[in-house]
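Trainee: Pasted the sequence and its predicted model underneath.
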Amino acid sequence: MVVVIAIVAALLWVARNRRDERRHIEAEQIREDVADKSLQVGEREARAEETAAKARMVQAEADDKAAEASALQHHAAQHRKEATSSREELNQQRDHADTIDPKVPNPEEPRSTPDQNPRNP
């Protein structure tokens, strides 16, 4: 009986050692796979960070361009306002000249309007 118990105990011990060895080998294989995949993930992370950096740079450039466009639009509006004012003043001077010129028929009716281009009367 003692011999049977010793044999069963020895078989259990051997079986446990084999199971532990298989698990150890399996764990080592998993670690190798993780190491290989970790390199790939690291490369993906690096690409993601590089792409994000490029996106930030392009966004900064776009913000600069938007600010420049806004400033140019403001300057254009100022120039347009000044040009309109100057055009109105010139039209008033022309109308005044027509009013005082005895050779111009109907001096009461102005020839030009503020929106009229002098090259296309």
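Mentor: Right, received. Where do you want to start? Residues are numbered from 1 along each chain as shown.

Trainee: now the helices for the protein?
Mentor: Ranges of helices within the chain are 2-100, based on DSSP state H.

Trainee: can you tell me which residue is nearest the centre of it?
Mentor: Q59 (4.1 Å; Cα atoms, centre = their mean).

Trainee: mind checking how far it is from E68?
Mentor: From Q59 across to E68, the span is 15 Å (Cβ to Cβ, to the nearest Å). Where you see a C-beta, it was placed from the backbone N, CA and C, and this is true even at glycine.

Trainee: what does H75 give?
Mentor: 11 Å.

Trainee: Over to R16?
Mentor: Distance from R16 to E68, by Cβ to Cβ: 75 Å.

Trainee: neighbours around I100, how many?
Mentor: Residues lying near I100 (other Cβ atoms under 10 Å) number 8.

Trainee: correction: Q92
Mentor: Q92: 13 neighbours (other Cβ under 10 Å).

Trainee: tell me the contacts of the residue sitting furthest away from the middle of the chain?
Mentor: In the chain, counting by Cα atoms, centre = their mean, M1 sits farthest out from the average C-alpha position, at 81.8 Å. The contact partners of M1, taken as Cβ atoms under 8 Å, 6 or more residues apart in numbering, number zero.

Trainee: Good, wrapping up.
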